[in-house]
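[1] Structure, please.
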Amino acid sequence: MTGAAPCAVPTRATLKRCKPTRPPRKPDWLKVRFPAGPNYARIDRLHREQGLHSVCRSAACPNQGECWEQGTATFMILGDHCTRDCRFCNVAHETPLAVDPQEADKVGKGIAELGLRHAVITSVTRDDLADGGAHHFAAVTRAIHEHAPECRVELLIPDLQGNHEALGIILAAAPEVLGHNLETVPRLYQIARSGADYQGSLDLLLAAKRIAPEIPTKSGLMLGMGETIEEILDVMRDLHQTGCSMLTLGQYLQPTRNHLQVGRYVDPEEFNELRHKGLQLGFAHVEAGPLVRSSYHAAEQFEGDDND
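    This next block holds a predicted model:
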């Protein structure tokens, strides 16, 4: 595996001047079948009937068809309007709606109806809420444990603006896994993840292990936005030092012409080499591949023993 030179990454000023760009042609390994069998229809019906949001749709996840047909889904709480405007993300940047007080019960009952054994719950970023949505995350976790006691709860939380008291509220609800994604390397934060802070995210993961050391933590990166291999490895080392035990590495895909352009498509073999590097660093599990996302094979990541 060789360290590729960083791709040319535009500044925000450049982005404002440039016309929207068409994503480069995808290689064959990124072409996926979109099944729509009975399980897919069942989950789709539940979302529509209960007014639930799924990150599978809102973030244009390439694995939506596969995961839904297997009977798994990632629920997105706190609405589908985000207070931040990250250049990589397909979730709408608009004024958020009021928090639905019935959402926790709807999600809990919906997961019970679907018979899931491992539910992933994420959210938009809600900087408009004093606790960043922490109490709502806790309520959803408790509702799932109540309605579907056999189901594990994996939370993928925003940075909570560094509010560790709010983090403690979430952890007190005892999710089985706590995730928070770094998304990219620190050099690209100003362009790709404006409003976030790399060290702040590391501190959040470190605080999670201090508050609830028994709860495993997880993080993820998207590759192909202009980072180098050396930068990726540095981030992996930083994550491992926080006590993070699970890592996902996937390919960044440009959602629309108005989003940050793909710098390159990372070869599957390179992902495999990075997976081995992560295991050598000491991660308990590394899921790496072009189509990998935070919640992809989440149950298998939790259950499986990885080895190099």
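[2] going forward, measure contacts between C-alpha atoms and count neighbours the same way
    OK.
[3] any low-confidence regions in the stretch 1-150 of the chain?
    1-24, 31-73, 88, 90-91 (pLDDT under 70).
[4] switch the cut-off to 80
    The model of the stretch 1-150 of the chain has pLDDT under 80 over residues 1-73, 85-94.
[5] ok, residues contacting stretch 179-193?
    Stretch 179-193 is contacted by residues 10-12, 85-88, 154-159, 196-198, 201-202, 205, 217-223, 225-227, 231-232, 235, 260, 294 when judged by CA atoms under 8 Å, 6 or more residues apart in numbering.
[6] Tell me which of the residues you listed fall in strands.
    Those of these mapping onto strands are 154, 155, 156, 217, 218, 219, 220, 221, 222, 223, per DSSP state E.
[7] Can you report how many residues lie near residue 114?
    Using other CA atoms under 10 Å, residue 114 has 16 neighbouring residues.
[8] what's the distance between it and residue 151?
    According to CA to CA, to the nearest Å, residue 114 and residue 151 sit 11 Å apart.
[9] Show me the strands in the chain, by range?
    53-54, 74-77, 81-82, 92-93, 118-123, 152-156, 177-179, 217-223, 246-251, 285-288.
[10] between those, which one is nearest to residue 144?
    strand 152-156 (7.4 Å; CA to CA).
[11] Show me what that closest one packs onto, helices and strands only.
    The helices and strands touching strand 152-156, judged by 3 or more CA pairs under 8 Å, 6 or more residues apart in numbering; DSSP states H and E, are strand 118-123, helix 134-147, strand 177-179.
[12] With mean neighbour count and distance to residue 101 as extra columns, can I get the strands of the chain in JSON lines?
    Listed next are the strands of the chain as JSON lines, based on neighbours: other CA atoms under 10 Å; distance: least, CA to CA, whole Å:
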{"stretch": "strand 53-54", "mean neighbour count": "22", "distance to residue 101": "15"}
{"stretch": "strand 74-77", "mean neighbour count": "23", "distance to residue 101": "11"}
{"stretch": "strand 81-82", "mean neighbour count": "20", "distance to residue 101": "17"}
{"stretch": "strand 92-93", "mean neighbour count": "16", "distance to residue 101": "22"}
{"stretch": "strand 118-123", "mean neighbour count": "23", "distance to residue 101": "15"}
{"stretch": "strand 152-156", "mean neighbour count": "24", "distance to residue 101": "19"}
{"stretch": "strand 177-179", "mean neighbour count": "23", "distance to residue 101": "23"}
{"stretch": "strand 217-223", "mean neighbour count": "25", "distance to residue 101": "27"}
{"stretch": "strand 246-251", "mean neighbour count": "25", "distance to residue 101": "32"}
{"stretch": "strand 285-288", "mean neighbour count": "25", "distance to residue 101": "35"}
